[in-house]
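>>> Need coordinates for the below:
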Amino acid sequence: MLDLVAKKLFLTKGIGVADDKLTSFEFALRQAGIAGTNIVLISSIFPPYARLVPRKEGQKLIKPGQILFSIYSRNQTNEPNRLISASVGIAQATDRSKYGYLSEYEAFGKNERESGDYAEDIAAQMLASSLGIPFDIDKSWDEKRQQWNISGQIYKTKNITQAAKGNKDGKWTTVFAAAVLIL
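Down below sits the predicted model:
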């Protein structure tokens, strides 16, 4: 039986600008270092025992034409100066035998920090609810984080986010962020 559980993940991001939408996306993938692969969007589970590795290490493990399973976020605009962002949030359990969560988030008008914090919050909320950690959804991110830290069950949260303003001349601008799984 084929084992498709990822052992490693790496984070990457990019920006692309072009006259058309598709080429803009291609340029963002090139900047992210994964353009020569076939990207498959999957749901958002961080596999048990998987390790987050640096981008350069992860890129050494992929080949042109390879099918890459990833959790990714992309946003695009051709409106001059419109702020766009794309983010992937991560939440890992302290007990590495349990799975964690990844979340995708796209926004207009939010900067890198705002989008990244929101994506991270989504991933942490999904993990907290799966672990049975009580929390008040209406509390601020900092208050929820404090509650999760006290529980000791959430090991780490982080995000990768790309934000940009739309090209001043109205060319398509794409922002892209991804967690790439390595089998």
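
>>> right, and the helix or strand after the lowest-mean-pLDDT helix or strand in the chain?
Taking mean pLDDT, DSSP states H and E as the measure, the chain has helix 141-151 as its least confident helix or strand, at a mean of 61. Sequence-wise, the next helix or strand downstream of helix 141-151 (DSSP states H and E) is strand 154-165.

>>> Check which strands are paired with that next one and give the direction for each one.
Taking DSSP bridges as the criterion, strand 154-165 forms sheet pairs with strand 83-93 (antiparallel).

>>> pretty sure A35 belongs to a helix, no?
No. Assessed with DSSP: H, G, I helix; E, B strand; the rest coil, A35 is coil; it does not lie in a helix.

>>> can you give me the helices in this structure?
Per DSSP state H, the chain carries helices over the ranges 21-32, 55-59, 112-131, 141-151.

>>> mind showing which ranges of this protein have poor pLDDT?
1, 135-137, 139-155 (pLDDT under 70).

>>> Could you rerun that using 80?
1-3, 133-155 (pLDDT under 80).

>>> And the residue positioned nearest the centre of it, how far from D95?
Taking CA atoms, centre = their mean, the centroid of the chain lies closest to V88, which sits 2.0 Å from it. In this view, V88 and D95 are 22 Å apart by CB to CB, to the nearest Å. Using the backbone N, CA and C atoms, a C-beta is placed for each residue, glycine as well.

>>> Next up, the contacts around the closest residue in space to K63 that isn't next to it in sequence.
In space, K63 comes closest to T37 once its chain neighbours are excluded; the distance is 7.9 Å by CB to CB, 6 or more residues apart in numbering. Shown in contact with T37 (CB atoms under 8 Å, 6 or more residues apart in numbering): 62-68.

>>> who wins for neighbours among those residues?
L68 (20 neighbours; other CB atoms under 10 Å).

>>> So that one is in contact with G36, correct?
No. With contact defined as CB atoms under 8 Å, L68 does not count as touching G36 (9.9 Å).

>>> what sits opposite the closest residue to K158 other than its chain neighbours in the beta ladder?
Spatial nearest neighbour of K158, chain neighbours left out: I90 (5.1 Å); criterion: CB to CB, 6+ apart. Residues in a beta bridge with I90, per DSSP bridges, are L102, K158.
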